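Student: structure, please.
(2 chains)
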There are 2 protein chains.
Amino acid sequence: MRRAVFALPAVLASFAALGDPGMWTFHDFPSELVKQEHGVVIDKAWLDRVRTATLRLSNCTASFVSPDGLILTNHHCSESCLDEHATAAQPLLRDGFLARTRAQELRCGTQVADVLIGMEDVTARVEAAIRGLDDQTANSTRKKTLTMLEQACEDESRRAGTPALKCESVTLYQGGQYWLYKYHRYDDVRLVFAPERAIAAFGGDPDNFQFPRWCLDLSLLRAYGPDGQPAHTPSFLTLRPAGPEAGEVVFVAGHPGHTDRLLTVAQLLELRDVFLPRWLLRAAELRGRLIEFRKTGAEASRIAEDPLNGLENALKVRRRQLDALLDERLLAAKRAAETALREKVAADPGLAAATGDPWREIARAEGVQRELDLPYTWIELGAGFNSALFNYARTLVRGAAERAKPNTERLREYRDTALPRVAQRLRAPIPVYPQLEKLTLSFSLERMREWLGPDAPIVRSLLARDSPDTLAARLVDGSQLADPALRRQLWEGGAAAVDASHDPMIELARAIDPQARALRKRYEDEVEAPIDAAAEKIARARFKVYGTSEPPDATFTLRLNVGTVQGWKEGSVTVEPFTHTARLFERATSEDPFRIPDSWLAVKSQLDPATRFNLASSNDIIGGNSGSPLIDARGRVVGLMFDGNIHAISGDYWYDAELNRAVAVDPAIIFEALRKVYRATELLAEMGTK
Amino acid sequence: MRRAVFALPAVLASFAALGDPGMWTFHDFPSELVKQEHGVVIDKAWLDRVRTATLRLSNCTASFVSPDGLILTNHHCSESCLDEHATAAQPLLRDGFLARTRAQELRCGTQVADVLIGMEDVTARVEAAIRGLDDQTANSTRKKTLTMLEQACEDESRRAGTPALKCESVTLYQGGQYWLYKYHRYDDVRLVFAPERAIAAFGGDPDNFQFPRWCLDLSLLRAYGPDGQPAHTPSFLTLRPAGPEAGEVVFVAGHPGHTDRLLTVAQLLELRDVFLPRWLLRAAELRGRLIEFRKTGAEASRIAEDPLNGLENALKVRRRQLDALLDERLLAAKRAAETALREKVAADPGLAAATGDPWREIARAEGVQRELDLPYTWIELGAGFNSALFNYARTLVRGAAERAKPNTERLREYRDTALPRVAQRLRAPIPVYPQLEKLTLSFSLERMREWLGPDAPIVRSLLARDSPDTLAARLVDGSQLADPALRRQLWEGGAAAVDASHDPMIELARAIDPQARALRKRYEDEVEAPIDAAAEKIARARFKVYGTSEPPDATFTLRLNVGTVQGWKEGSVTVEPFTHTARLFERATSEDPFRIPDSWLAVKSQLDPATRFNLASSNDIIGGNSGSPLIDARGRVVGLMFDGNIHAISGDYWYDAELNRAVAVDPAIIFEALRKVYRATELLAEMGTK
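Tutor: Modelled structure (predicted):
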């Protein structure tokens, strides 16, 4: 199987031919291959329908499941929204939520739902713009070109009088292709239903990325139009109540966030040796601080739950990524694949001349990155200022400065097409908890002092008199930026308003901005520019040698992949692809995270112990695919993806067909729970079931 | 210098010839070489005097500095003792301590001070005992032989009527040599003086392993005889008040704890890839928990300080060890050295036949270690049961079972010669803080569940109903083992008393003991036995090829090394070897860890700003050397070692002559502080100064 094959460099060339499920784009889906291998016909109509029924949320994937904008996604994709509306008296994250009427549906302040309407290949235009330029100029010109293309696309859609589109550039194959993706955006998304977290994430962090599993990781949202009415969504998917069969061919449509399968060996080693260990050390300590903070009281426990859940998930992912990169099999395969490509390039004099040695250029740039890593991470990336208030302040300070410049001259995150989303986030009434702010800010200041050293100029200037605790308290207590009205006023007031502010967080963001920008400039010129230029050369060489027989790395854009419902062999143990309700109750304890909520215990006798709960399939998914529909050959939903098994985490770097499995909620338990536990009659009717 | 030289395998052969300071034993000190290179004569009288004036504490090194048993060591070596006697009303760790009379001196419950009296080479006897045995039998026979040799040595010293000696076996060169070291032990050690921690560890964790530095990391203890009177110690060192000159040749005598310079590449990779990342992740989270716990109140802050200090120090060491192993230079040098030795072995048919391929045997055993690592670490090594009460319980349970067996059949830590120390630790009145116990125990149970998985049998049996918090609280609140009288009674009562106990910690230790012992047995048979056998083969091959031109790895036994007072070049910056009082005051803030204590601020105007404070030298030291005397050619103390610079941490794996520096307290500031800040007139007089 795959593991053995990797020892043979020659065979590595064409992943797809070996049945790699692959995260394929909709404009380059290998329907022929799927037909040959699985006997399933995926035609344009199927692709169009699935594409327009699949949604990109800000953090996840989702799908329309009714013509009235009802959206199916994971519970964990709505945790922030639940948290946003929760209070000490109504801890929604813990207790769940069900809107009995549409009027009760709760708007999620920072959520959006995007439908991919069109895709345009702009590779030739980008390549023409940067041809012949040195790396640094090419890097800035590439960004300007993408900004102009996005802007022109949005302007055009507005002129055409159709609903205005969001146009986003997409870089595929590390610069081998550039695309414009055009979305219809719903920016009014409301919460309809979420179960208790105890059942949505039964098993908590210990069970995360494990299978067998028993999680109802489900929430329902609804898209609303600009008129404040539920959106009309004729393109939607229906659920197949009984779920799929073992061995059935199934598809996942969704937005996998990020993979690193096409990185060079030098880049993988940098992740293994520098990025991951440093990130893990920071995160592990913060986890400890949050856990201990939660023990100080009920309110502390409530407000720290969502950040802790997110952190623990990320920790597990990063830890297993490190394990994957320490796996000799993986690195040997990567080295072999790189050598094979380099040999093929060297064997073709024309190609060799056009390609040069981009691998060495990347390795050299990684050396610069290592040197820049600490100040860049702590100061520009903000690891030293872990605070929502600081993030608001930096956005206000930078946004004011950037908006005064021509669109193409700005930092990319402040280009015109990005501003509506920036403004939405700024004015969303997300609660800010001072205790939590002080914890994370003090932590990050203290660690910045440790990693940059007590005599680094920024550390001296911030902590010359104060301890991290004292400084964090003064900044958080002194700042008024928790007020969304003030943030909106500062945003709309632009540079004049921001310059006049004496809010201590604004002052901090302003004070460090020159140094932070200088670090960013160095990073872009000396790390990003040469790496992007070299990666484009590798991509072009790869196309020449292998064509597009491998899918591009994930980029949080729409992809489709094929797999079958199946378990795997864990050592000598065969893991079956389905779990059932019976074992949920056997496995429970009386305490979190293995506690079954009262609503389930109350109806336990009515629940069918044989109902399928979660399932495993061989689909190739990764973070960002959360909430994706699992779809049968006829386009019906047969599962709600919410996780992978522990081996799926190595999917960041390769797909291991023997071990990598995706994990979904079975439709059977969705209907059983909505019917018997939550008695959500209207929702069942809306989804076409009763 | 060293860094360039490492690229040339042939030159690697003889470290000593290149001036490696080396951690030499007193029985194999290269006096000739030192004479040639430094022009200093180190004769037998010098060695004997320094050896008998240098002490091994339980955790550090120290030296006698008066004929009445006065002991000079670091403040951080006495932190536990200060903590043991501290109360909320008298926080000794924070405020310091000075016994104005000998009656006020405070006994340190678990401290001992050992003087090395004799050294006997027993290599031939061990080799004879294990010759021809298979690895597993050799492993257990080796242990039995060492136990017998130690016992015979102690019996003989008792029969001779001299003060009874402690005899300990020492394995040098990974099994290339076996020695019996014979100590005179003082087991009544009392605290005489310690400054405030704010000045002892000025700069705290941020400055730890940094230089320039301003720490008075000093404490004074006193050895007492069995008669309860101060010990008579005619062999002592005097301090040279002005300290050393830049460039002066200086020596460090002490007990470096552990180095890994002779490990194979496979062993280093195991440290880099498995041991260090896992350890760091655990420790970083515990650090976060302790830091957050400290913020819950003054008492919490006090009781968590000492554990947190120890943890942060270890974290910094481990983190830099990982950095060192990720340094390509280091691994390339190690690979080259290993290849060079293997080629020399292969070139000599007789040697090749005798040696075989121990490198491959070690690599194979490391594979088994990796497989066993998680359960062995969490269950047998106790990472899952991080609690002082649990440690007492396990010692009582295992001690009762082991003492019922013949001496040579026991786990080595319960052999007769080790029992007095076990008993001393059990009956010492060390405070146990339930809050802290619950924190560390809950943390470790929770992580054990994460790493072994919620379905591992031990996890299911412990946490089937309870959360880690609940279980930890029940165990800690239910246990009576905080009472030293009870522990003594259970220890002296043996198996009958322990078996009759229903203390929940005893019950826990008893319940997991069969599984823990089974893991230990597998580890000893399948990891330790083949590695020790292979390491002996490598050691014999190394002696054959290179002789003993390299010093053995550190083993917390007495060593002597030579260096000079010097700074280094950090990039383009020259770091001078001395710091002075003036800069201490300039660098201070008003908050920990950069706060200067009131006692110093009160006399600031009387202090000479030009007084030398700390100094750097090229001596090769490592953890365990803390408290070591820095000695001039005439045998006078010219510094008190307390740290290395950040590069010194890589000294675990190699000595980098360009960068690795040791850091000491200068005698000038010791006398200045004792005179002007602490007015310790009697102590100054006892040390021969006024």
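Student: contacts and neighbour counts: CA atoms only from here.
Tutor: Noted.
Student: who does the longest helix seen in chain A touch, helix- and strand-wise?
Tutor: Using DSSP state H to define each element, chain A has its longest helix at helix A:298-325. The helices and strands touching helix A:298-325, judged by 3 or more C-alpha pairs under 8 Å, 6 or more residues apart in numbering or on different chains; DSSP states H and E, are helix A:79-85, helix A:204-207, helix A:276-294.
Student: and the angle from that helix to helix A:276-294?
Tutor: With axes from the mean of the first three to the mean of the last three C-alpha atoms, to 10 degrees applied, the angle from helix A:298-325 to helix A:276-294 works out at 160 degrees.
Student: name the residues of helix A:298-325 that are buried.
Tutor: A:300-306, A:308-309, A:311-312, A:315-325 (16 or more other C-alpha atoms under 10 Å in any protein chain shown).
Student: residues near A:Tyr173, how many?
Tutor: 25 (other C-alpha atoms under 10 Å in any protein chain shown).
Student: for it, what are its contacts?
Tutor: With contact taken as C-alpha atoms under 8 Å, 6 or more residues apart in numbering or on different chains, A:Tyr173 is in contact with A:Leu262, A:Ala539, A:Pro552, A:Asp553.
Student: my guess is the first one is in a helix, correct?
Tutor: Yep, that's A:Leu262 we're talking about. No - read with DSSP: H, G, I helix; E, B strand; the rest coil, A:Leu262 is coil and lies in no helix.
Student: that one contacts A:Glu550, doesn't it?
Tutor: No - taking contacts as C-alpha atoms under 8 Å, A:Leu262 lies outside contact range of A:Glu550: 9.6 Å.
Student: okay, these two: which has more neighbours?
Tutor: Each of A:Leu262 and A:Glu550 has its neighbours counted (other C-alpha under 10 Å); A:Leu262 has more, 23 against 20.
Student: where does that one fall, phi/psi-wise?
Tutor: phi -100, psi 10 (degrees, to the nearest 10).
Student: ok, it - contacts?
Tutor: Here A:Leu262 is in contact with A:Tyr173, A:Gln174, A:Pro552, A:Asp553, A:Tyr653 (C-alpha under 8 Å, 6+ apart).
Student: what about 7 Å?
Tutor: Going by C-alpha atoms under 7 Å, 6 or more residues apart in numbering or on different chains, A:Leu262 touches A:Asp553.
Student: that one and chain B: what is the separation?
Tutor: 23 Å (C-alpha to the nearest C-alpha, to the nearest Å).
Student: so for A:Ala495, which of the helices and strands packed on helix A:298-325 sits nearest?
Tutor: Closest approach to A:Ala495 among the helices and strands packed on helix A:298-325 is made by helix A:79-85 (29.4 Å; C-alpha to C-alpha).
Student: quick check: next helix or strand after that closest one?
Tutor: helix A:92-95 (DSSP states H and E).
Student: pull up the pairing partners for the next helix or strand after that next one, direction included.
Tutor: The helix or strand immediately downstream of helix A:92-95 is strand A:97-98, counting by DSSP H and E. Neighbouring strands of strand A:97-98 in its sheet, by DSSP bridges, are strand A:188-194 (antiparallel).
Student: residues contacting the strand it pairs with, please?
Tutor: Contacts for strand A:188-194 (C-alpha under 7 Å, 6+ apart): A:75, A:96-99, A:105-108, A:111-112, A:218-225.
Student: tell me how far the next helix-or-strand element following it lies from the chain's centre.
Tutor: Later in the chain than strand A:188-194, the nearest helix or strand by DSSP H and E is helix A:197-200. Centre-to-centre, helix A:197-200 and its host chain are 21 Å apart (C-alpha atoms, centre = their mean, to the nearest Å).
Student: residues contacting helix A:197-200, please?
Tutor: With C-alpha under 7 Å, 6+ apart as the criterion, helix A:197-200 contacts A:His75, A:Leu93, A:Arg94, A:Gly96, A:Cys215, A:Leu216, A:Asp217, A:Leu218, A:Pro593, A:Arg595, A:Ile596, A:Pro597.
Student: and it, what's its mean pLDDT?
Tutor: Across helix A:197-200, the average pLDDT comes to 98.
Student: got the end-to-end distance for stretch A:470-489?
Tutor: 29 Å (C-alpha to C-alpha, to the nearest Å).
Student: is chain B within reach of that stretch?
Tutor: No - figure legend: stretch A:470-489 not in contact with chain B (C-alpha under 7 Å from any C-alpha of the partner chain); closest approach 9.1 Å.
Student: residues in contact with that stretch?
Tutor: A:389, A:426-429, A:432, A:434, A:437-438, A:441-442, A:503-505.
Student: and if you look at stretch A:98-108?
Tutor: A:Cys81, A:Asp188, A:Val189, A:Arg190, A:Leu191, A:Val192, A:Phe193, A:Ala194.
Student: same thing but 8 Å
Tutor: Contacts for stretch A:98-108 (C-alpha under 8 Å, 6+ apart): A:81, A:84-85, A:188-195, A:680, A:682.
Student: let me know the closest of those to chain B.
Tutor: A:Pro195 (22.3 Å; C-alpha to the nearest C-alpha).
Student: can you pull the contacts of that closest one?
Tutor: Here A:Pro195 is in contact with A:His75, A:Asp95, A:Gly96, A:Phe97, A:Leu98, A:Leu216, A:Leu218, A:Ser219 (C-alpha under 8 Å, 6+ apart).
Student: can you check A:Tyr183 too?
Tutor: Contacts of A:Tyr183 (C-alpha under 8 Å, 6+ apart): A:Asp114, A:Val115, A:Leu116, A:Ile117, A:Gly118, A:Leu165, A:Lys166, A:Cys167.
Student: and the closest residue to it other than its chain neighbours, how far from A:Ala664?
Tutor: In this structure, A:Tyr183 finds its nearest non-sequential neighbour in A:Leu116, 4.5 Å apart by C-alpha to C-alpha, 6 or more residues apart in numbering or on different chains. From A:Leu116 across to A:Ala664, the span is 23 Å (C-alpha to C-alpha).
Student: more crowded one of the two?
Tutor: A:Ala664 (30 against 22).
Student: secondary structure class of that one, three-state.
Tutor: Going by three-state DSSP: A:Ala664 is strand.
Student: bridging residues for it?
Tutor: With DSSP bridges as the rule, A:Ala664 is bridged to A:Leu615, A:Met641.
Student: what pLDDT does it get?
Tutor: 98.
Student: kind regards, and thank you for your time.
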